[in-house]
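Here is a sequence with its predicted model. Questions after.
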Amino acid sequence: MRYSLFDGQRDAIILLARILLMLLFVISGWSKLTGFEGTVAYLGSLGAPAPTLAAAIAVIMEFFVAIVLILGFYTRPLAFLFALFVLGTALIGHPYWNMVDPERSANMTQFFKNLSIIGGLLLLAVTGAGRFSLDRR
């Protein structure tokens, strides 16, 4: 059996990771919820299919599902679903391959930031929420 420096703190670190991973989405989701018409218009300008439905899905995922993930409820399936959502937002919202600089560089960074978030979400889907979660209650 291997001992890790973080073994005694594993559950606290997983809780911190859930909070840090979802904080961006809760803030963004709240902004989309309170400025819903602007969100619909923005998604329409990106060419998102059914912008009103897409905005509703974005609000549900980014605000409500993110809060549920912070609380650690249905963590494994929701983290996987959230990873798919983030992939969709990367492909629709940051198609850097269709752009020229400086827009290309900024969107390439955002695209790969989304891929990094997907990595964290997949890790959460595998590890689960840890002891400090509703899943454990």
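Everything's here; your move.

Test my guess that residue 68 contacts residue 77.
No - Residue 68 lies out of contact with residue 77 (Cβ atoms under 8 Å); the separation is 10.8 Å. Just so you know, the C-beta spots here come from the backbone N, C-alpha and C atoms, and that holds for glycine as well.

Look at the two and report which has more neighbours.
It is residue 68, of residue 68 and residue 77, that has more neighbours when counted by other Cβ atoms under 10 Å, with 16 against 9.

Return the distance of the more buried one relative to residue 100.
39 Å (Cβ to Cβ, to the nearest Å).

cool, residue 132 as well?
46 Å.

Which residue of those two possesses the greater neighbour count?
Taking neighbours as other Cβ under 10 Å, residue 132 and residue 100 compare with residue 132 leading, 16 against 8.

I'd guessed residue 62 sits against residue 26; true?
Yes - between residue 62 and residue 26 there is a contact under Cβ under 8 Å: 7.3 Å.
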